[in-house]
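# Coordinates only, no sequence provided:
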Ligand SMILES: NC(=O)C1=CN([C@@H]2O[C@H](COP(=O)(O)OP(=O)(O)OC[C@H]3O[C@@H](n4cnc5c(N)ncnc54)[C@H](OP(=O)(O)O)[C@@H]3O)[C@@H](O)[C@H]2O)C=CC1
Ligand SMILES: O=CCCC(=O)O
């Protein structure tokens, strides 16, 4: 089996690279904070000293990094991907970024003769650990087909959405909906509590009705215990709301619900909740709703 490169060992990257190793892939990893590679090495990974070194060694390389600045940095900065990408090599960016960022990366890689695929994912820490992500790929179809054995390990379903940008846009639309939902859900929990209802009973009622969903089911119990151990960091959800709102601006789509949700996430970041799970926006909604 060909060696797969993997850049970025945060919450998602660590789980995904571990999964590839567990399924017999040979994986060479890199992370900006190199010590985060140690655990992967214990499970059989090799380490590349730089993104360029990983690209040099591997037929194709996957990355999953925080945000557009990080995604651009590993490509364009010193020791970055552009130094070694060439004909026959592929680069797959699974970070959640905007279409513009993806297009810049795609064009730069094409100018060196390499192949590019964007492939952001739906699903969080647990689906990443369980290989149950939903992969939203777009770009070079041949690279998509080459990476399918890896995608089949990482995810439960892969979509090929056509030209570069479509994967990024799909991911932002999905996360815009999710960010608005968690705000509405938080308001519901506050309203139930303030009007004398048991929030746990609200969760039970919701779960039996037409708006039952895995997010309410997973986050509800931890939210009512004020437990925000991060699966999806709030700072990333706010980044996604910001990028989705920019996509709305470009397309003249009015999104007052998403804009209000974004304000709550920004407020949460401003009071230091950015590294907690995105469901910690509940704390902001509680204060706005007069709860402590
Ligand atoms: N967590 C989730 O549930 C999901 C997250 N996503 C998306 O996946 C991406 C990663 O998320 P997640 O794993 O949660 O994030 P984390 O914050 O846990 O990890 C971020 C990763 O990006 C690296 N990084 C940050 N800045 C730079 C930089 N300038 N140069 C190089 N590397 C950098 C970090 O390195 P270092 O260790 O050195 O800080 C780390 O490896 C994000 O785009 C997020 O929106 C998508 C679906 C679900
Ligand atoms: O981008 C993060 C998505 C988290 C999720 O789908 O639960």
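Cool, the structure landed. Since we're looking at a predicted model, the values are computed, not measured. Ligands and ions are numbered 1, 2, ... in the order given.
# is the helix or strand containing residue 191 anywhere near ligand 2?
Assigning secondary structure by DSSP states H and E places residue 191 in helix 166-194. Yes: Helix 166-194 is in contact with ligand 2 by Cβ under 6 Å from any ligand atom, via residue 175. Where C-beta positions appear, they are placed from N, C-alpha and C, glycine not excepted.
# Does that helix reach ligand 1?
No: shown here: helix 166-194 not in contact with ligand 1 (Cβ under 6 Å from any ligand atom), separated by at least 7.5 Å.
# What average pLDDT does that helix get?
The average of the pLDDT scores along helix 166-194 is 98.
# which element follows it toward the C-terminus?
helix 199-207.
# Which elements pack onto the helix or strand that that following helix is followed by?
Following helix 199-207 in sequence order, the next helix or strand is helix 214-224 (DSSP H and E). For helix 214-224, the packing partners by 3 or more Cβ pairs under 8 Å, 6 or more residues apart in numbering; DSSP states H and E come out as helix 166-194, helix 199-207.
# Just want the angle from the helix holding residue 191 to helix 214-224.
Here helix 166-194 runs at an angle of 40 degrees relative to helix 214-224 (axes from the mean of the first three to the mean of the last three Cα atoms, to 10 degrees).
# For the stretch 1-150 of the chain, which residues are neighbours of ligand 1?
Residues of the stretch 1-150 of the chain found near ligand 1 (Cβ under 6 Å from any ligand atom) are 8-13, 31-33, 36, 64-67, 69-70, 73-74, 95-96, 121, 124-125.
# Most tightly packed of the helices and strands packed on helix 214-224?
Ranked by mean neighbour count, the helices and strands packed on helix 214-224 are led by helix 166-194 with a mean of 20 (mean count of other Cβ atoms under 10 Å).
# Among the residues of the stretch 1-150 of the chain next to ligand 1, which are located in helices?
Among those, the members found in helices (DSSP state H) are 11, 12, 13, 69, 70, 73, 74, 125.
# Emit the PyMOL select command for whichever of those are buried.
Here is the PyMOL selection string for the buried members of those, based on 16 or more other Cβ atoms under 10 Å:
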select buried, resi 11+12+13+70+73+74+125
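# contacting residues around whichever residue of the chain sits closest to ligand 2?
Closest residue of the chain to ligand 2, Cβ to the nearest ligand atom: residue 124 (3.7 Å). Contact partners of residue 124, counting by Cβ atoms under 8 Å, 6 or more residues apart in numbering, are 12, 231, 232.
# Tell me the confidence at it?
95.
# Helix, strand or coil: sort out residue 4 for me.
strand (DSSP: H, G, I helix; E, B strand; the rest coil).
# Could you do residue 85 as well?
Reduced to three states by three-state DSSP, residue 85 is coil.
# pretty sure it is in contact with residue 92, am I right?
No: counting by Cβ atoms under 8 Å, residue 85 stays clear of residue 92, with 11.8 Å between them.
# how far out from the middle of the chain is the helix holding residue 191?
Taking Cα atoms, centre = their mean, to the nearest Å, one finds helix 166-194 lying 15 Å from the centre of the chain it belongs to.
# Can you name the residues that contact the spatially closest residue to residue 171 that is not a sequence neighbour?
The spatially closest residue to residue 171, leaving aside those adjacent along the chain, is residue 120, at 3.8 Å (Cβ to Cβ, 6 or more residues apart in numbering). Counting by Cβ under 8 Å, 6+ apart, residue 120 makes contact with 94, 95, 96, 97, 136, 167, 168, 170, 171.
# Taking the residues you listed together, which two end up most distant?
95 and 170 (14.1 Å; Cβ to Cβ).
# How much space separates residue 24 from residue 34?
Residue 24 is 25 Å from residue 34, where distance means Cβ to Cβ, to the nearest Å.
# Between those two, which has more neighbouring residues?
The residue with more neighbours, out of residue 24 and residue 34, is residue 34; 14 against 9, by other Cβ atoms under 10 Å.
# is it true that residue 101 touches residue 71?
Yes: with contact defined as Cβ under 8 Å, residue 101 and residue 71 form a contacting pair (5.7 Å).
# out of these two, which sits in the more crowded spot?
Set residue 101 next to residue 71 and count neighbours by other Cβ under 10 Å: residue 71 wins out with 26 against 23.
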